[in-house]
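Asks: What would the 3D arrangement of this be:
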Amino acid sequence: MTITVHGVKLFYEKIGKGKPIILLHGNGEDHTIFQELVQLLSDEFTVYTPDSRCHGNSQKTKVLTYQSMAEDTRDFIEQLGLEKPIVYGYSDGGIVGLLLAIQYPDLPSELIISGANLNPQGMEKSFVLRCKLLYWLTRSKFCRLMAYEPNISL
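Replies: This is a model prediction of the structure:
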């Protein structure tokens, strides 16, 4: 299925029945990373697995920031009329989940985060340097994200 948020078409899958849970994938991944988890959760939850902008089957855009993805997720929840979904974010999806909960604390009922960082200094220095070098060489939006974002204060 697709939904348009901020003029961007996002692809998503929906399976199961029960309380809504949204699974947010990491950088360079898509909804398929959660295939096994979806099967485990779908008996008790309605599971939504969107592809973030520029990922998977979603629209490629010029802008790719954690903030834009958090706003996409907020609109996704509001447009689908999801009441108090659980939000699980892995890696970059975790960063998006953190921003969503910080800026819209009444939107999710629960937040589950794994593998997220508050800023690039939360990762190994050599990894951040590689990301900066790759961004300089390729101008990859994905490398820019990891090299310079997020900047979430405590």
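Asks: Please report how far the residue positioned nearest the centre of the chain lies from Gly122.
Replies: Per C-alpha atoms, centre = their mean, the C-alpha nearest to the average position across the chain is that of Gly93, at 3.2 Å. Counting by C-beta to C-beta, to the nearest Å, the gap from Gly93 to Gly122 is 15 Å. Bear in mind the C-beta positions are built from the backbone N, C-alpha and C, glycine included.
Asks: And the residue located most distally from the centre of the chain, how close does it get to Arg144?
Replies: Farthest-out residue of the chain from its mean C-alpha position, per C-alpha atoms, centre = their mean: Leu137, at 25.4 Å. With the distance defined as C-beta to C-beta, Leu137 ends up 12 Å from Arg144.
Asks: List the residues that contact Tyr88.
Replies: Tyr88 makes contacts with Ile21, Ile22, Leu23, Leu24, Gly97, Ile112, Ile113, Ser114, as judged by C-beta atoms under 8 Å, 6 or more residues apart in numbering.
Asks: What's opposite it in the beta bridge?
Replies: Note on Tyr88: beta-bridge partners Leu23, Ile112, judged by DSSP bridges.
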